[in-house]
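Trainee: Please work out how this folds:
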Amino acid sequence: MWNRKPCFRFEIDNLSEKKAVISSKTFVSGGCEWYLDIYPKGDRLANGHLSMYLSVANSTKLRTGWKRSVNYYFVLLNQSDKELHRSPIGQGVNLYCASHPSWGFGKVLPVSKFQEKGFLEKDKLIIEVYIKVIEAFDGEEVSNNKKNKTVDINGFQVFASQVTKVGKVFTDHPDIALDVKPTKQEVKTAYMHVLLRVIKTLNKPPKSLSETTLNKASSDLSELMDVGFKLDWLKLKFDEVSLERKKADDTNESRAQRLEKRAKKLELMELDFKLDSLNRKKADDTKESLAKEVEKRAKQMELGFNRRLNKMLGDLERKKSYDTSVFDSRIKQIEGHVMGLGLKLDSLNIKLEEMSKEKKKADDDADVTLVQEFKNLELMVSDIKVELDKKKNISSDDGFLLVD
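Mentor: Below is the predicted model of the structure:
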């Protein structure tokens, strides 16, 4: 009966970019070590098809005469675990040996199929392999070296160098192999090797174990428990080691977070400094711009003031010129008027002389009156001339306009 869970799951990212063969990590199934070889562009005989092979790991290190009788099949999935292809199941037994350490399918699917839109998701291909080991033989001894001799311990053939370790396991856990399903000695021996490897891994400091190593140990442990080994104690040990490693990871992560937080703080400080520098530069630019604007406005105001001042001076000059012209015209009018009065005075003098001649013999009182009036008139004319001269002098000094 086939196991419902795949023996191994292999995920390939960016399949379209791959050209050379892609080999998976080593995994254990049926007490044997395996790995996958994937040819994304096909091997030399594939003629444009993807090729897949299941191979025995470390086959050159196995003893002479080793063999594996196996049934297997592959399932191809996309990123959403949608099945894309399933290889034929149960088409005879494949015999693995030194001359044929690898079996598989040269033409799985055309390479062009993977390039079709919607066939793959995000260019990721997932390959699951299901394996049923029917028979496994690790070969015969070719050396009398004591190190390679095997010893039977509770139905398990182990190397002499492993006797102490295996004996301790059975001493501490007598019922460990009571329900083991495989009956063939070679298969049981292979599983014992896997068990010793898991124990050795879990006895290492948790901090020294990588996630890949722990995942492999977990896979091996599940495989051993599936075939009947009672390993609750080892599962507990695995959980403790995983927890310790997680704590170490958390500590490292916490430290990394602190460092990251500090780095971000420094980045923020640097950003604040740059922002402050930018603001200062902007403020300086603003001040410089404001100073230029003020200077420009001052020049404009000065220019406007000069224009207004020049206009006012021009207006004042024109007003002074106008006032002087009017003043001179008025003086001329007054002078003309005075000259007219002079002429009238001369005329009166002539008339008086005539009247004097005509009225020479007139009444003395009338003559006195006329003479007195004449003198008064002369005095009036004289006063007017004096007053006119005064006003003319004052107007020339103060710029006032003389009006009568």
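
Trainee: My guess is Phe159 contacts Asp138. True?
Mentor: No: assessed by CB atoms under 8 Å, Phe159 is found out of contact with Asp138, at 11.1 Å. C-beta: built from backbone N, CA, C; applies to glycine.

Trainee: between the two, which one's more packed in?
Mentor: More neighbours surround Asp138 than the other of Phe159 and Asp138, with 21 against 18 (other CB atoms under 10 Å).

Trainee: what about that one, distance to Ser51?
Mentor: Taking CB to CB, to the nearest Å as the measure, Asp138 and Ser51 are separated by 29 Å.

Trainee: Lys204 now?
Mentor: According to CB to CB, Lys204 and Ser51 sit 38 Å apart.

Trainee: Thr64 now?
Mentor: 30 Å.

Trainee: which one of the two has more residues nearby?
Mentor: More neighbours surround Ser51 than the other of Thr64 and Ser51, with 21 against 10 (other CB under 10 Å).

Trainee: who's in contact with that one?
Mentor: Residues in contact with Ser51, defined by CB atoms under 8 Å, 6 or more residues apart in numbering, are 38-39, 42-43, 104-108.

Trainee: Find the nearest non-adjacent residue to it, please.
Mentor: Counting by CB to CB, 6 or more residues apart in numbering, the nearest residue to Ser51 once its immediate chain neighbours are dropped is Tyr39, at 3.9 Å.

Trainee: residue contacts, the one you found?
Mentor: Taking CB under 8 Å, 6+ apart as the test, what Tyr39 contacts is 21-22, 46, 50-52.

Trainee: Please tell me which one of those residues counts the most neighbours.
Mentor: Neighbour counts for these (other CB under 10 Å) peak at Leu50, which has 25 neighbours.

Trainee: Return the backbone torsion pair for that residue.
Mentor: Torsion angles at Leu50 (phi, psi; degrees, to the nearest 10) stand at phi -70, psi 140.

Trainee: What distance do you get for it to His173?
Mentor: Distance of Leu50 to His173, given as CB to CB: 45 Å.

Trainee: Which other helices and strands does whichever strand or helix holds Asp276 contact?
Mentor: With elements delineated by DSSP states H and E, Asp276 resides in helix 232-358, which encompasses its position. Counting contacts by 3 or more CB pairs under 8 Å, 6 or more residues apart in numbering; DSSP states H and E, helix 232-358 packs against helix 185-202, helix 211-226, helix 364-398.

Trainee: Where does pLDDT dip in the stretch 151-300 of the chain?
Mentor: Applying pLDDT under 70 to the stretch 151-300 of the chain picks out residues 252-256, 284, 287, 291, 294, 298.

Trainee: for this protein, longest strand please?
Mentor: For the chain, the longest strand by residue count, based on DSSP state E, is strand 125-137.

Trainee: Okay, now the sheet partners of the helix or strand just after it, with direction.
Mentor: Next in sequence after strand 125-137, counting helices and strands by DSSP H and E, comes strand 150-153. Looking at strand 150-153 with DSSP bridges, its partner strands are strand 156-159 (antiparallel).

Trainee: C-alpha coordinates for the partner strand, CSV please?
Mentor: The C-alpha trace of strand 156-159 is given here as CSV (Å, rounded to 0.1, in the frame of the first residue of the first chain):
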residue,chain,number,x,y,z
PHE,A,156,19.9,-5.7,14.0
GLN,A,157,23.2,-6.2,12.3
VAL,A,158,25.4,-3.3,13.2
PHE,A,159,29.1,-2.4,12.7
